[in-house]
Structure formats: C-alpha cells, structure tokens
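In: can't give you the sequence, but here's the structure:
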C-alpha cells in the first residue's frame, strides 16, 4: 500500500495538524489522497454526507485532501462517557458502550476486521493514504492489542514518521525512549523524525539534530515552527487554550466530558474578547456572558456542576440579568427536567435529573443518535439577515417546551429545508 504514517511520542504533539498538511500537499501534487485513523478517541466528531459519525480530525483531513469524508477513514471512534466507559462508534454508527477492559478483550478481533475492510476500500479508491496514529506507539500495557499504531503500519505496510513536540520539554528523552521501547522490526519501520512546535532560531538547534541522528540512526526530516492561529480544529481537549485580554469577558464552563469544544475557538481570534475556562464556583467571577458547551455525558456533567455548586452560580447570574448560552448538552442542562428512559445517557433505565430550571423545557434522551447534514435559513427574529446556513446536527434526545412562561420567550433561529424550526433562541425580559 502506498502512503505514510505519522506516529507521536505523546498525545497533542501535532500529528493531526501535520497529517492535515500532508493531505493538502499530496493533493496539490495531483495524488488522489485519503486520510486514515483506525481508532480515534475524541468527543469532537464530524458528520459525513451520508449522516455517519467520524472523528473531527479525519473530516478536516478529508477536506484538506479535497475528497469527501467517509466512515472508512475512521472506522472506530471512541467517545468517552466517563472515566471507565466509552461509546464505540463503528463505521459511523453507535455500536456499544464498553469498559476499557471489555473493549480490549471483546472488541479486538472485530476491530481488526474493521481496519482491514477500511484499508482495502481506501486502497482501491485512492493513490495514497496519510495515516495518523494515536497517543504513543509504546504504551507497553496496551501494545499486545494495538489497533491504532504499529499494528496498523504493519497491516498497511507503510513507513512511519515519528513526531515529537519540543515545546513541552524533554524532546531528546521522548525520542530516544520511544525508539528504545519499540521492537527491532518496529524500529526499522521508522524512517524519519519531525520536531514540532519549535520557537526561536532553528540554527541554534543544529547540534541537537546531530545528536539525535547519531544516537538513534534515524534522520531528522524537519523542524517545524510553532504555528499561531492556524485555525485547524484540535482533536482532543489537551489542545484547549484560554486567552487573556481586555474587553468582553466570557466564562466557558469546562465540563469533564466536553464535546466539540472547538465551537469556542472562534472567540480566540477576537481581540476584544477574553475566554476564561471555569471549573469551580470560585473561578466564576462576574462575566459578561457564560457558555455551557456540549458534552458526551450531559447528566453526569450536570451532576458535577451541582457538586461544585456552579449550578447555583449560573442560576443567580441569570436572575441578576446575566446572559447564558447553552450548546447541545449545555442547552439540555438548562431544562427543568432531564429524562433518560432507556439509559442512553447514564446507562440507567428510567433515570431522571433536575436541570438548571432556566427554561420551561424538558429533555428526553433516546437510544438512537441523530447525525444528519442540515441546511436552512436564518429566522428573521434572530436579528441577523436572512441567509443560507449549513452544517450538521449530532445529538441524542430531544428538548421540547412544556409550557408558556412569562419570564422568557423561546423561538427558533433557523428554518431547515424540511421546514422544521430548529435552534432555540431565548429572550428573558
């Protein structure tokens, strides 16, 4: 198989960004290119044109390669629900929720078959594959059932480039240690090293490059500068960064199982906006606005807010005239009641939880997840010019108004092609 694989000395070293760049480079050179990541663990997801769910990184990489994203580019997506369990999305559809141990013992063979199928399909349709690993390839307690690093490189029979992040420090130890923990036949597959996120004069690092090449026998292919404001979505929450600035102060509630947190990132490019991540009540302060983002585990994260008494801070803030925006799971938390009749959100059938009670709505979670591409127009009441809008919808359950309330007015800010009203705006006089 023709292609290249990027593996990293750790998470968040820049594998996804580099793979995205190479997808565009190969496309520019005239090769029909596809990204691939066999197993992705991320609550940042992307909906394909046929309504299937894959990791956000592979969707963006497909766009960089100028091709349509498919489930074969990320056949296995793990979406953490708590510290022990993850939802397994297999070929774009929710398959089952496993504990870490059950996943390793029960899913491994099925996972291998999914990877083999995907590689076969992509090889038949594309000239080149740009494959991304996950975390580190030398997690010694996990290597015997590897579904994402060297096992995939062997299945595809392609060379590996090792990526490391110099910004975090320890770059020499991370490179030498990673190579030392690889088996001899795995080490032979590593054909080069990329040093990522370098700041300063690269000429001052020349002696470091020479030392690495002498000690490892592997060529350093390049030293990449730290890129500010590249505006390519991060894959996991390790890449979340706040921003301090004068101007509008927005407090974003940092949920334990935050999903699609990149909804917040556009604010980082506004010079007159400050983004503050808030985890505890003592950090709440007096913001100009509050955002409660999406989450893979709405009720779990709502209970965490209550344990930290952030729920009280949010409710008091709204009653004093503050502005709160809830996105997806964060919006569901604004309900008076949340119902989980099938255990879709909590794993407990018939579970009920009191919401923040800020809107006269109830949320009910269903077994099946909705993942569709959407098109519509902006509702005139939104205050914005009526124009076309498109994107994708991904959520479990539905939120419905249960009664009229003189304290607030609900209306939808967009009308879909199916003439459904969607996306509540809320006005609290």
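Out: The structure has been received and is ready for your questions. Everything numeric here is computed off the predicted structure, so don't read it as measured data.
In: and the protein, what are its domains?
Out: 3-225, 240-427 (automatic domain parsing).
In: Tell me where the chain has helices.
Out: Secondary structure of the chain, counting by DSSP state H: helices at 15-28, 56-64, 100-102, 108-125, 150-156, 171-181, 184-189, 206-216, 298-307, 310-319, 329-333.
In: Using CSV, lay out those together with mean pLDDT, mean neighbour count and distance to residue 73.
Out: Where you see a C-beta, it was placed from the backbone N, CA and C, and this is true even at glycine. Putting those into CSV (pLDDT from 0 to 100; neighbours: other C-beta atoms under 10 Å; distance: least, C-beta to C-beta, whole Å) gives the following:
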stretch, mean pLDDT, mean neighbour count, distance to residue 73
helix 15-28, 96, 21, 10
helix 56-64, 94, 25, 5
helix 100-102, 87, 12, 24
helix 108-125, 96, 16, 7
helix 150-156, 96, 20, 13
helix 171-181, 96, 17, 26
helix 184-189, 96, 14, 22
helix 206-216, 96, 14, 31
helix 298-307, 94, 20, 28
helix 310-319, 93, 18, 38
helix 329-333, 92, 27, 26
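In: circling back: the domains of the chain: lowest mean pLDDT?
Out: Mean pLDDT values for the domains of the chain show the minimum at domain 240-427, a mean of 82.
In: Figure out how far that domain is from the centre of its chain.
Out: Its chain's C-alpha centre and that of domain 240-427 lie 17 Å apart, by C-alpha atoms, centre = their mean, to the nearest Å.
In: do you know how far the residue nearest in space to the middle of the chain is from residue 135?
Out: The residue lying closest to the centre of the chain (C-alpha atoms, centre = their mean) is residue 44, at 2.3 Å. Using C-beta to C-beta, to the nearest Å, one gets 16 Å for the distance from residue 44 to residue 135.
In: And residue 222, by the same measure?
Out: Counting by C-beta to C-beta - residue 222 and residue 135 are separated by 22 Å.
In: So which of these two has more stuff around it?
Out: residue 135 (19 against 15; other C-beta atoms under 10 Å).
In: what are the phi and psi values for that one?
Out: Note on residue 135: backbone dihedrals following degrees, to the nearest 10 are phi 60, psi -130.
In: Skipping its backbone neighbours, what lies nearest it in space?
Out: residue 11 (5.0 Å; C-beta to C-beta, 6 or more residues apart in numbering).
In: The one you found contacts residue 133, correct?
Out: No. Using C-beta atoms under 8 Å, residue 11 is not in contact with residue 133, being 10.3 Å away.
In: neighbour-wise, which of these two wins?
Out: Set side by side, residue 11 and residue 133 show more neighbours around residue 133, with 25 against 15, by other C-beta under 10 Å.
In: What is the neighbour count of the spatially closest residue to the more buried one that is not a sequence neighbour?
Out: Nearest non-adjacent residue to residue 133, counting by C-beta to C-beta, 6+ apart: residue 7, 3.7 Å away. If you count neighbours by other C-beta under 10 Å, residue 7 ends up with 28.
In: The residue nearest to residue 135 and residue 174: what is the separation?
Out: 12 Å.
In: Work out the sheet partners of the strand ranked longest in the chain and label each with its direction, please.
Out: The longest strand of the chain (DSSP state E) is strand 361-378. The pairing partners recorded for strand 361-378 under DSSP bridges are strand 337-340 (parallel), strand 388-401 (antiparallel), strand 409-416 (antiparallel).
In: Would you mark the buried spots in it?
Out: 361, 362, 363, 364, 365, 369, 371, 374, 376, 378 (16 or more other C-beta atoms under 10 Å).
In: I'd assumed residue 395 was in contact with the fifth one.
Out: Spelled out, that is residue 365. No. Taking contacts as C-beta under 8 Å, residue 365 lies outside contact range of residue 395: 9.5 Å.
In: that older thread, so the residue nearest to residue 133 sits against residue 137, correct?
Out: Yes. Using C-beta under 8 Å, residue 7 is in contact with residue 137, at 4.9 Å.
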